[in-house]
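Student: got a structure for you, letters missing:
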């Protein structure tokens, strides 16, 4: 089992920045890819970004150029730097991990999930 705990959410004005962090514990060697997803009220959970432990990254088009995912294997942590935030970025953000090696975007591909952290963007 892999346990994931997110932190760093909060309230920010449009155009501002936030940094989310995800601490992984447990059988972390079984997770090859870490990802961030988000879910706004009334909407499906959607892919935001993913990183492999070889530091390959992949982003949703909606966040490309504004968000940066990074990882620290020594600390078993993954971060998501979010810049130029927009009201439509507001959601609960979830950290996820998968044992497979591909940077996939579907929720079903990720076996482990955190509880989520709220990001609110005021206009």
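Tutor: Everything's here; your move. Fair warning: this is a prediction, and the values are worked out from it, not measured in the lab.
Student: For beta bridges, what are the partners of the residue nearest in space to the middle of the chain?
Tutor: Centroid-nearest residue in the chain, with Cα atoms, centre = their mean: residue 36, separated by 2.0 Å. Residues in a beta bridge with residue 36, per DSSP bridges, are residue 49, residue 95.
Student: I'd like to know how far it sits from residue 57.
Tutor: 11 Å (Cβ to Cβ, to the nearest Å). All C-beta spots, glycine's among them, are computed from the backbone N, C-alpha and C.
Student: do you know how far residue 68 is from residue 91?
Tutor: Relative to residue 91, and taking Cβ to Cβ, residue 68 is found at 18 Å.
Student: neighbour count winner among these two?
Tutor: Neighbour count, other Cβ atoms under 10 Å: between residue 68 and residue 91, residue 91 has more, with 22 against 16.
Student: and that one, what is it in contact with?
Tutor: 38, 39, 40, 43, 119 (Cβ atoms under 8 Å, 6 or more residues apart in numbering).
Student: ok, of these, which come out buried?
Tutor: Buried subset of these (neighbour count, 16 or more other Cβ atoms under 10 Å): 38, 119.
Student: May I ask which two of the contacts of residue 91 are separated the most?
Tutor: 43 and 119 (13.9 Å; Cβ to Cβ).
Student: Just give me the closest of the contacts of residue 91 to residue 9.
Tutor: For the contacts of residue 91, the nearest to residue 9 is residue 119 (4.9 Å; Cβ to Cβ).
Student: Just give me the closest of the contacts of residue 91 to residue 17.
Tutor: Closest to residue 17, out of all of those and judged by Cβ to Cβ, is residue 119, at 11.1 Å.
Student: Let me know the pLDDT of the closest one.
Tutor: For residue 119, the model assigns a pLDDT of 98.
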